[in-house]
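Trainee: coords below, sequence missing:
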Ligand code: SF4
Ligand code: SF4
């Protein structure tokens, strides 16, 4: 961690962030992290003097979607200014230095800031055939990850490729693509900020948590931060009342779809996805996919491309609830809803992982206007 010349707040003030905006941001971060109200003052106090973290960003087998999320600012907010004020010493896509100069910058951070810098990894790491399918400056992705992540204070894997192998790792996985945690076992402080892509609000919250408390937040079994992955998406969805009432969209553009009814029958995987998408949303909190009328495809869950497909087939029902989907919603109060959430999640994910689960019903995907064929 590089000592900041004057801390993050001084940098933000130079960029025109008012005290009111800063305090509002700290409150929003406390809420995103699931901390009590008083924590916003603690966050504000810590950020006033926090040193600028040094960060290097590695890209391997990826689409740069997480970089796009990182750079997504359409207007300057405190959040993206916070990310701007991080010392990004290496990032292939955005750095000005080319070739040898760029590689020297990376080598300098690894040599001079050992144990202090943050390594962000985007993209999967191919292990097949000695890792030849992804090489940068003559080194394999695996070699680079071992060297750079091995010397970092923490490794933050962003997006489903870096966390779980991603689309390159989908069956039959010809390059042997895996996430960084599987490629380099035993990394200290590995944090998986998954989803496709990760939401930059969660990256900001993660860094703010670290700067404030000088430690990393609690993680789940997948090493995902609980503040982002601790709750079912289904439980925070604004269409949940329609699910409980048995009101479902049956086809793209039908009356139920137009009325904002539940998208379960259209393939929504919200009941088996642990993520804070409905609360942090996208594009600076403007909206999120389910609000826009498309079901969740479970992108925040491990191997969602294999386990959540077909995307337009609805989840199987819980034994005991029966095959009449309309009765699920009508009966879904209290214990029934909880039973669906718990039993449905475990049985579906387990069986889907074993590739045993044909969808009970599939619907065609929407056309570009949102209508079925
Ligand atoms: S099934 Fe999907 S659309 Fe329906 S309430 Fe759950 S998350 Fe929302
Ligand atoms: S709604 Fe679901 S699939 Fe879409 S971004 Fe959110 S978690 Fe991912």
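Mentor: Noted; the coordinates are in hand. What you are looking at is a predicted structure, and each value in this text was computed from that prediction instead of being measured. Ligands and ions are numbered 1, 2, ... in the order given.

Trainee: got the residues of the stretch 151-300 of the chain near ligand 2?
Mentor: 195, 233, 273, 275, 277, 288-290, 296-300 (CB under 6 Å from any ligand atom). Any C-beta I mention is one placed from the backbone N, CA and C, and that applies to glycine too.

Trainee: buried members of those residues into ChimeraX, please.
Mentor: In ChimeraX, a selection of the buried entries from those looks like this (16 or more other CB atoms under 10 Å):
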select :195,233,273,275,277,288,289,290,296,297,298,299,300
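
Trainee: flag every residue of the stretch 251-373 of the chain that's near ligand 1.
Mentor: Selection of the stretch 251-373 of the chain residues close to ligand 1 by CB under 6 Å from any ligand atom yields 262-264, 268, 270-271, 290, 295-296.

Trainee: and which of these is nearest ligand 2?
Mentor: When these are compared for distance to ligand 2 (CB to the nearest ligand atom), residue 296 wins out at 3.1 Å.

Trainee: now the closest one. Nearest residue, chain neighbours left out?
Mentor: residue 270 (4.4 Å; CB to CB, 6 or more residues apart in numbering).

Trainee: that neighbour: what's it in contact with?
Mentor: 232-234, 237, 263-264, 290, 295-296 (CB atoms under 8 Å, 6 or more residues apart in numbering).

Trainee: can you lay out the residues of the stretch 251-373 of the chain next to ligand 1 as JSON lines showing pLDDT?
Mentor: Conversion of those to JSON lines gives the following (pLDDT from 0 to 100):
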{"residue": "262", "pLDDT": "97"}
{"residue": "263", "pLDDT": "97"}
{"residue": "264", "pLDDT": "95"}
{"residue": "268", "pLDDT": "96"}
{"residue": "270", "pLDDT": "96"}
{"residue": "271", "pLDDT": "93"}
{"residue": "290", "pLDDT": "98"}
{"residue": "295", "pLDDT": "97"}
{"residue": "296", "pLDDT": "97"}
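
Trainee: the bottom helix or strand of the chain by mean pLDDT?
Mentor: helix 334-339 (a mean of 36; mean pLDDT, DSSP states H and E).

Trainee: and the residue of the stretch 251-373 of the chain that's closest to ligand 1?
Mentor: For the stretch 251-373 of the chain, CB to the nearest ligand atom, closest residue to ligand 1: residue 270, 2.2 Å.

Trainee: next one: the stretch 51-200 of the chain
Mentor: Taking CB to the nearest ligand atom, the stretch 51-200 of the chain has residue 195 as its residue nearest ligand 1, at 15.0 Å.

Trainee: isn't that residue up against residue 300?
Mentor: Yes. Counting by CB atoms under 8 Å, residue 300 is a contact partner of residue 195 at 4.2 Å.

Trainee: overlap in contacts, the two.
Mentor: With contacts defined as CB under 8 Å, 6+ apart, the residues shared by residue 195 and residue 300 are 160, 275, 277.

Trainee: how about residue 163, secondary structure?
Mentor: Recorded secondary structure, residue 163: helix (DSSP: H, G, I helix; E, B strand; the rest coil).

Trainee: begin at 9 from now on, thanks
Mentor: Sure thing, new numbering starts at 9, so read that last one as residue 171.

Trainee: OK, contacts around it?
Mentor: Contacts of residue 171 by CB under 8 Å, 6+ apart are 165, 187-189, 200-202, 230, 232, 310.

Trainee: make a markdown table from these and add pLDDT, neighbour count and secondary structure to it.
Mentor: Output for the contacts of residue 171, formatted as a markdown table (pLDDT from 0 to 100; neighbours: other CB atoms under 10 Å; DSSP: H, G, I helix; E, B strand; the rest coil):
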| residue | pLDDT | neighbour count | secondary structure |
| --- | --- | --- | --- |
| 165 | 98 | 31 | strand |
| 187 | 97 | 27 | coil |
| 188 | 98 | 32 | helix |
| 189 | 97 | 22 | helix |
| 200 | 97 | 27 | strand |
| 201 | 96 | 26 | strand |
| 202 | 95 | 30 | coil |
| 230 | 94 | 16 | coil |
| 232 | 97 | 24 | coil |
| 310 | 93 | 18 | coil |
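
Trainee: and those residues as a markdown table, adding distance to residue 290?
Mentor: Below are the contacts of residue 171 laid out as a markdown table (distance: CB to CB, whole Å):
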| residue | distance to residue 290 |
| --- | --- |
| 165 | 20 |
| 187 | 23 |
| 188 | 25 |
| 189 | 26 |
| 200 | 20 |
| 201 | 15 |
| 202 | 15 |
| 230 | 22 |
| 232 | 18 |
| 310 | 21 |
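
Trainee: understood, closing this out.
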